[in-house]
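J.: sequence isn't available, so here's the structure alone:
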Ligand code: NAD
Ligand code: MLT
């Protein structure tokens, strides 16, 4: 299928790898990079552009879309499109593109490192040594070998996490409403219902989109059904884990630790989130799942290739 969408001028509004701009320019498309524009300035700028490329910082809300009188394409150099008002874009016949998969290995690798970090108290142990203490007893951990990892969402990232954590000797169980049990078995995940999962899991890692069905998936009622000391990992989206309930479970000891790369609000300013981040048993990172050199080149090239393909031009880029 060939397309002929007229894209002459593109605004790159978040810091996307330079290969994106290079590739667009090599294909005769004019590109401006204007990062961290406040919304009112974005609304002033957007009417000049046929396409907009973002990562997760820029919120492409209905009023931004409304102001984009020439806008034909919104491209997300990443997996989720949560920061784009899809309904507003659709109502104006604007195409929304993303790059699912381009950063999956990076998000998976961060998840696996957070699981191992939680098991061995690496972050508090390292911080204590840097502060001049030698607290060997305080930071004794446990082995992952023989423990059960529950993976909620067995898509691109969830299944890669399963494969890697099996190498540590973890038993992998999981739930995904659209992945049949026989498919899950192919990557050695035992598909169970959520009610079966809660009492079995030593670790729970979430890899779902944030949709109404997954908002507050991990909440007080669920945490109370889990083993005491269960550890929770979220490298997917803020909101899948209820932050108030997680904080209370950490304080009571029902939850033994949490690793969080994503938050309800980013950057976090809510007092509950800030208190959560400060807990000793919490390892928190500032949405770094996709932040690797490799993933950023991949998503940058993928998003520009998609835009070039829409224009009907052939790509003239060799990485
Ligand atoms: P994917 O679409 O490949 O997989 C998501 C899976 O979740 C699908 O198989 C879907 O069926 C399943 N799912 C949907 N509803 C569910 C439910 N109620 N319970 C259990 N499973 C459910 O997505 P992916 O590429 O694996 O990404 C997973 C998440 O990670 C997304 O939220 C994505 O935005 C996020 N992500 C975060 C980072 C980061 O930087 N932290 C990087 C990449 C992706
Ligand atoms: C994604 O959806 O791809 C991630 O959250 C990573 C990012 O925002 O770059």
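T.: Yep, it's here. All figures in this text were calculated on a predicted structure; none of them were measured in a lab. Residues are numbered from 1 along each chain as shown. Ligands and ions are numbered 1, 2, ... in the order given.

J.: how many neighbours does the closest residue to ligand 1 within the chain have?
T.: Residue of the chain nearest ligand 1, by Cβ to the nearest ligand atom: residue 155 (1.8 Å). Using the backbone N, CA and C atoms, a C-beta is placed for each residue, glycine as well. Residue 155 has 19 neighbours, counted by other Cβ atoms under 10 Å.

J.: what is the neighbour count of the closest residue to it other than its chain neighbours?
T.: Sequence neighbours aside, residue 207 is the residue nearest to residue 155 in space, at 6.4 Å (criterion: Cβ to Cβ, 6 or more residues apart in numbering). Other residues within reach of residue 207, judged by other Cβ under 10 Å, total 28.

J.: what's near enough to touch residue 207?
T.: 111, 151, 152, 153, 154, 155, 157, 158, 161, 235, 236 (Cβ atoms under 8 Å, 6 or more residues apart in numbering).

J.: the residue of the chain closest to ligand 1 and residue 88, how far apart?
T.: In this view, residue 155 and residue 88 are 26 Å apart by Cβ to Cβ, to the nearest Å.

J.: go on, residue 65?
T.: Look at residue 65 and residue 88: by Cβ to Cβ, they are 4 Å apart.

J.: these two: which is more packed in?
T.: residue 65 (23 against 18).

J.: now that one: phi and psi?
T.: When quoted as degrees, to the nearest 10, the phi and psi of residue 65 stand at phi -60, psi -40.

J.: so which bits of the chain are right by ligand 2?
T.: Selection of the chain residues close to ligand 2 by Cβ under 6 Å from any ligand atom yields 55, 56, 78, 79, 80, 103, 289, 290.

J.: can you tell me the closest non-neighbouring residue to the last one?
T.: It refers to residue 290. residue 103 (3.6 Å).

J.: now do the second one
T.: Of all residues beyond its chain neighbours, the one nearest residue 56 is residue 83 (5.5 Å), with distances taken as Cβ to Cβ, 6+ apart.

J.: shouldn't residue 310 be in contact with residue 73?
T.: Yes. The criterion here is Cβ atoms under 8 Å, and residue 310 meets it with residue 73 at 6.4 Å.

J.: okay, and the common contacts of the two?
T.: 5, 7, 95.

J.: would TSV of the residues you listed with neighbour count and secondary structure be doable?
T.: Listed next are the shared contacts of residue 310 and residue 73 as TSV, based on neighbours: other Cβ atoms under 10 Å; DSSP: H, G, I helix; E, B strand; the rest coil:
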residue	neighbour count	secondary structure
5	14	coil
7	22	coil
95	17	strand
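
J.: could I get those as JSON lines with pLDDT and distance to residue 199?
T.: As requested, these are exported to JSON lines (pLDDT from 0 to 100; distance: Cβ to Cβ, whole Å):
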{"residue": "5", "pLDDT": "92", "distance to residue 199": "52"}
{"residue": "7", "pLDDT": "97", "distance to residue 199": "53"}
{"residue": "95", "pLDDT": "97", "distance to residue 199": "45"}
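
J.: would you map the helices across the stretch 151-300 of the chain?
T.: 156-166, 181-186, 194-197, 220-225, 243-252, 271-278, 293-311 (DSSP state H, counting those that start in this stretch).

J.: just flag the most distant two among the contacts of residue 207.
T.: Within the contacts of residue 207, 154 and 235 form the most distant pair, 14.7 Å apart (Cβ to Cβ).

J.: pick out whichever of those two has more residues nearby.
T.: Just comparing residue 154 and residue 235: by other Cβ under 10 Å the higher neighbour count belongs to residue 235, 28 against 24.

J.: that one and residue 111 touch, don't they?
T.: Yes. Assessed by Cβ under 8 Å, residue 235 is found in contact with residue 111 at 4.6 Å.

J.: quickly list what's touching both of those two.
T.: Common neighbours of residue 235 and residue 111 (Cβ under 8 Å, 6+ apart) are 157, 205, 207, 289.
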